[in-house]
Structure formats: structure tokens, C-alpha cells
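S.K.: Need coordinates for the following:
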Amino acid sequence: MTSDADARREPNASLVRMDGRGGFIAFDDLGDFMDQVPGSPRGPEDRGPEPAQGLPGCYRHPDRETGIRCTRCERPICPECMVSASVGFQCPDCVRGGSGTGHRPDATMPRTLAGGTVAADPRLVTKVLVGICLAVYFVQLSVGDRFTDSFDLIGRAYVPVLGDIEGVAEGQWYRLVTAMFLHGSYIHIIFNMLSLWWIGGPLEAALGRARYLALYFASGLAGSALTYLLADANQPSLGASGAIFGLFGATAVLMRHRNYDMRPVIALLVINLIFTFGWPNISWQAHIGGLVGGVVIGYAMLHAPRERRVLVQYGTCALVLALVVVLTLVRTAQLT
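M.R.: Predicted coordinates:
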């Protein structure tokens, strides 16, 4: 006879047992294994492989994986972008919008690698420098040699277009600066402006605007001073190459500091140095002076101790400028 319990049993599921993992295994009337009972939990091996998921990338630096998120907007942030808050860390955008951390505004301001302020447009100064050089070159084309001869770098010589003895030795020290914005040909300015754009933009973002400007002008002046000291007194010189070589030097320091592959920047420097010494009518003094100045200032910008960062960074720039003044005085004494 069949009991009432047997009559209520589901067909093909005469026996159900626990499988030891929180699930159930069903056997039919003949004792053969059946699929799991519908609705029972599934073991880990029954769920199939989990899709591999790495850490998210920083929202400002997608190539940097991070497990930290901004406590306000939940966006992933890398160590460079973390700003300490009363609870956890916040991203630079949330800090700009008002962090509410209770700290002074400058204490929570996001900083660049060199301690500068993070700007909304990290290439603004580079754009302005390129624009000034292009505008000055258009003036050169419009006005002619009289404008160029009035502002290029020359030691001491008679300039026929101006009808007088001109030069830095005659008290025209401004030529050390103005020559950095003049160019001699289309090829000259195109090559320099492309180099300034490619090298200057990333470096400006790493240093900050003020430090980038200090590097640019100090390197350019170092190149001008060495040119004034070593070149013939009647040999005019012009171009942004000295300042740009300073950016090359600082970029090499930056890449070494960040443990990046040095081969691209070394190859680029070697190519430029080959042109410097192998091409006629190129002021190698400006290139070498700017390069050395850029390496020295770049090292100070990136390796200055945090507690004395501003003093070391701008103190180094001041020392370079002091050396520029000394070299200029020495050469002026020789020519007068």
C-alpha cells in the first residue's frame, strides 16, 4: 500500500538530501542524480567564473589604479590627487568647490609635484608664451630689421640700421630678455614653438604656473648671459632656444624623479645638441647655458624638502639670476 506521504511526494524527486554546501541534491525513484531543486542556493563552482575586475583608475590620471575614493563625490583618486579632509580624502574638484574640512583654504588646496597650485588650465602660461612669440614675429615681419636690431642680443657693435653703437655693453641690458622672444626665420620660430608646446605644457602642469615661469625666464637669461660672455661682441643672437633648452633639462630631471623611461628625452636632447654644434649660425652658448640652468633649477624645484620648499626653489632661481648679473658685469667690463 501507498502511504499518504508517498502520495504527496513529487514525481521524479523521491529523495532530497543536503549537499554539505547549503544546497540540495535530488535523486529520482531509481536513485539517479537529478539537477538541484529549483530555488536552492548554488555553490561557488556552479556560478561560473567571476569576471576579473582590477582597481579603478584615478579620474584625473586614468593610468594610475587606486583603491581610494573621494569622500564627497566617490570618484577614485590617486595619492597625488588626495587632499586630506576631516574624514578620509577629497578630490581637487571638491576641494575647490568648498571642502568643509575646517582647514585653512590654502591647507587643502591641491598641489602640483613641485608644490604649486593646480590650475584649471595647466597649459595657460605655455599658450601665452607661444602667443607672445608669434605676435612679436609678426611685428618683425611688419616693421623689418630696424625692430629686430633694436631688441636682439648683441654685445657691442655699430648697427647701420640704427646708425649708432648698440649692445648690452652700452647699458641695453633689456636685450638679454627681449632677444628670447625674437626669431630669425619661419623654420626657426616653427621649430621653437613646437618644442615649447610639446615640452612646456606637461612641465607647466607638473610645476605650476609661477615655478614654470621662473624656470623659463631664469633658463633663458642663463643662455643669454653665456652668449654675451662667450660670443663675439658684434654677433647678434636671438630666439627662445635658451629657455626651451632649460625646459628640456628640467623635463629630464622630472622624468628621472618619477622613474620614467629616460630614453626618449635623452634621444631628443642628443638630436638637438647635434644640431646645436653641427649647424651653422646657431648660438651653442644659449643652448648650453639654458640647459645647465634648467637642470639646476629643475632639480631644486622637484627635490626641495617640503618644509623649506619655497625657500629652496626660489632661492635657487635667485642664485642663477645672480650668476647672470655677475657674468654680464664681467663681459661689460671687458668690452668697455
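
S.K.: tell me which residues in stretch 207-225 are buried?
M.R.: By neighbour count, and taking 16 or more other C-beta atoms under 10 Å as the criterion, the buried residues in stretch 207-225 are 207-209, 211-212, 214-225. All C-beta spots, glycine's among them, are computed from the backbone N, C-alpha and C.

S.K.: C-alpha coordinates for that stretch, CSV please?
M.R.: Once side chains and other backbone atoms are set aside, the C-alpha atoms of stretch 207-225 remain, and they are given as CSV (Å, rounded to 0.1, in the frame of the first residue of the first chain):
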residue,chain,number,x,y,z
LEU,A,207,55.5,72.6,-11.6
GLY,A,208,52.6,75.1,-11.5
ARG,A,209,52.4,78.4,-13.3
ALA,A,210,54.7,80.6,-11.0
ARG,A,211,57.5,78.0,-10.8
TYR,A,212,57.2,77.3,-14.5
LEU,A,213,57.6,81.0,-15.4
ALA,A,214,60.6,81.3,-13.0
LEU,A,215,62.2,78.3,-14.7
TYR,A,216,61.6,79.6,-18.2
PHE,A,217,63.0,83.1,-17.7
ALA,A,218,65.9,82.1,-15.4
SER,A,219,67.0,79.5,-18.0
GLY,A,220,66.6,81.9,-20.9
LEU,A,221,68.6,84.5,-19.1
ALA,A,222,71.3,82.0,-18.3
GLY,A,223,71.5,81.2,-22.0
SER,A,224,71.7,85.0,-22.9
ALA,A,225,74.4,85.6,-20.3
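
S.K.: What average pLDDT does that stretch get?
M.R.: Taken as a whole, stretch 207-225 carries a mean pLDDT of 94.

S.K.: Offset the numbering so it begins at 828, please.
M.R.: All right, first residue 828 from here; so that's stretch 1034-1052.

S.K.: so how far is that stretch off the chain centroid?
M.R.: The chain centroid and the centroid of stretch 1034-1052 are separated by 15 Å under C-alpha atoms, centre = their mean, to the nearest Å.

S.K.: now stretch 945-954
M.R.: From the chain centre to the centre of stretch 945-954 is a distance of 11 Å (C-alpha atoms, centre = their mean).

S.K.: what comes up buried for it?
M.R.: In stretch 945-954, the ones that count as buried by 16+ other C-beta under 10 Å are 945, 949, 952, 953.

S.K.: Just these: which are in helices?
M.R.: Residues of the buried residues of stretch 945-954 located in helices (DSSP state H): 952, 953.

S.K.: Could you point out which of the buried residues of stretch 945-954 is nearest to residue 900?
M.R.: Relative to residue 900, the closest of these is residue 945; by C-beta to C-beta it sits at 16.4 Å.

S.K.: Just the helices from the stretch 928-1077 of the chain, written as ranges.
M.R.: Using DSSP state H, counting those that start in this stretch, the helices found in the stretch 928-1077 of the chain span residues 951-970, 972-978, 1002-1005, 1013-1034, 1036-1057, 1068-1084.

S.K.: Could you dump those helices into CSV and include distance to residue 1092?
M.R.: Listed next are the helices of the stretch 928-1077 of the chain as CSV, based on distance: least, C-beta to C-beta, whole Å:
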stretch, distance to residue 1092
helix 951-970, 17
helix 972-978, 32
helix 1002-1005, 27
helix 1013-1034, 9
helix 1036-1057, 16
helix 1068-1084, 5
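
S.K.: right, and residue 964 touches residue 1011 too?
M.R.: No. With contact defined as C-beta atoms under 8 Å, residue 964 does not count as touching residue 1011 (9.5 Å).

S.K.: So for these two, which residue has more residues nearby?
M.R.: Looking at residue 964 and residue 1011 with other C-beta atoms under 10 Å, you find the greater number of neighbours at residue 964, namely 21 against 16.

S.K.: can you pull the pLDDT of that one?
M.R.: In this prediction, residue 964 carries a pLDDT score of 96.

S.K.: now it: how far from residue 1012?
M.R.: Going from residue 964 to residue 1012 by C-beta to C-beta, to the nearest Å gives 10 Å.
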